[in-house]
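Visitor: quick check, what structure comes out for this input:
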Amino acid sequence: MPDLPYEVHPVRADLRPFVRRFLIADTTIRGSLRVRPAPTGYNYLSWYRGERLRTIVDGVSRDVVEAFQLAGQIQRQSIEVIHDGPRIGHILTEFTATGLARLLHVPGDRISGETVPLRRFAPAVADQLEAAVRDVPDSMSVRLSALQDALVALSPRAAPPIDYLEAAVALIEGSGGRMPVQEVAGAVGISPRQLSRRFIDVVGCNPKFFAKVVQMNEALAALLSDDTRKLTELCHEAGYFDQSHFVRVMHEFFGKAPTDFLESRDDVLAVFLGRAREVR
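Guide: Numbers count the residues shown, from 1 in each chain. Predicted coordinates:
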C-alpha cells in the first residue's frame, strides 16, 4: 500500500505530564489510502486537513467532518481509516496514559474504540484549539507549535494526578508489561478491583489489557529491529511462555502471524509500534 509517513516530534517540557509525543504526516497521495490502526495503549487528539477522511468501525462508516477528533483505545474493534488525497496534513497528539483525562477532562472510557469530535465533549476547548491553528502560516511545524501553545494554555486547569494510578502506569511500562496486575495493585496500595475500575475510567482500558499492549510492543521492538536471535528467544525475553503464546496474542492484536506482519512492511504501524513506542 502507499506510505503515509509520520515524523515524530518532541514535546515541550511543560506538556510532558500529559503528552508523550506528536506525530505529523504531511504528504501527497494518489487516490485513497487505507490504514488499519492497531492497539497502542494510548489515546489521541487528531487534527486533520485533507479532501476527505472516513472511519469504519466494526463495519459502520462515518465521514470525519470536524478538524479536531479524539481517538480512543483500540481493543477488539475492527477499525479502518480512509484518507482521500491528494493532499494530507495530519497532526496526532499522543497522550500519556492519563493525559487525556487530566488535560482535556475527557475520561478514556468515554471514547474507547471510537473516533469522535472533540466538540462533543469539550466545545470550548475545540473552539480554542481551532482558533489557535486556523490563522497560522500553512506550515505543519508552525501549526504544531501553535497547537502546543494552545495545549499548554489549558494546563493550569488540568486535573491533578492520581498518584496511585500514575505509579501503576509507571510500573507496567517500566516492567515491559510483565509485572502481574495483582502485584502492581499491591505495590501502589489498592485492590486489583479498585485499580481496574479506575484504570478503565481514566485510561480507557483495564490494566491487564494495557500491560498486554506494552508487552507486545517489547516483542515487536525486537522483530522490527531485525534481531537475529530466534523468535523463541525473543518471545521469552518479552515475557511470553512460548512462541505459540506470542503468535496467539499477535493474531488477537493484528490478525497476523509474526512473519506476515514483517512481510506486510506497514510503515505506518512501524512508526506507532515496537521501538517507536519508546519516548526518550
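Visitor: now name the helix or strand holding residue 37.
Guide: Using DSSP states H and E, residue 37 sits within no helix or strand.
Visitor: tell me the spacing between it and residue 246.
Guide: As defined by CB to CB, to the nearest Å, residue 37 lies at a distance of 21 Å from residue 246. For glycine as for every other residue, the C-beta is placed from the backbone atoms N, C-alpha and C.
Visitor: these two - which one has more neighbours?
Guide: residue 246 (24 against 17; other CB atoms under 10 Å).
Visitor: how near is that one to residue 211?
Guide: Distance, residue 246 to residue 211, by CB to CB: 15 Å.
Visitor: just residue 248 next, same as before
Guide: In terms of CB to CB, residue 248 sits 16 Å off from residue 211.
Visitor: with residue 237 instead?
Guide: From residue 237 to residue 211 the distance is 16 Å (CB to CB).
Visitor: so these two - more neighbours on which side?
Guide: residue 211 (25 against 14).
Visitor: give me the pLDDT for that one.
Guide: You'll see residue 211 listed with a pLDDT of 94.
Visitor: beta partners of residue 89?
Guide: residue 26, residue 49 (DSSP bridges).
Visitor: what separation do you get for it and residue 114?
Guide: On the measure of CB to CB, residue 89 and residue 114 end up 23 Å apart.
Visitor: so who does the closest residue to residue 47 other than its chain neighbours touch?
Guide: Once flanking residues are discounted, residue 47 sits nearest to residue 91: 4.5 Å by CB to CB, 6 or more residues apart in numbering. Counting by CB atoms under 8 Å, 6 or more residues apart in numbering, residue 91 makes contact with 22-24, 46-48, 140, 143-144, 147.
Visitor: tell me the one of those residues nearest residue 220?
Guide: residue 23 (17.1 Å; CB to CB).
Visitor: low-confidence stretches in the stretch 51-200 of the chain?
Guide: Regions of the stretch 51-200 of the chain meeting the criterion pLDDT under 70 cover residues 51.
Visitor: now the strands: where do they sit in it?
Guide: 60-63, 68-71, 79-95, 115-117 (DSSP state E, counting those that start in this stretch).
Visitor: got these as JSON lines, with distance to residue 261 columns?
Guide: Formatted as JSON lines, those follow (distance: least, CB to CB, whole Å):
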{"stretch": "strand 60-63", "distance to residue 261": "26"}
{"stretch": "strand 68-71", "distance to residue 261": "22"}
{"stretch": "strand 79-95", "distance to residue 261": "17"}
{"stretch": "strand 115-117", "distance to residue 261": "24"}
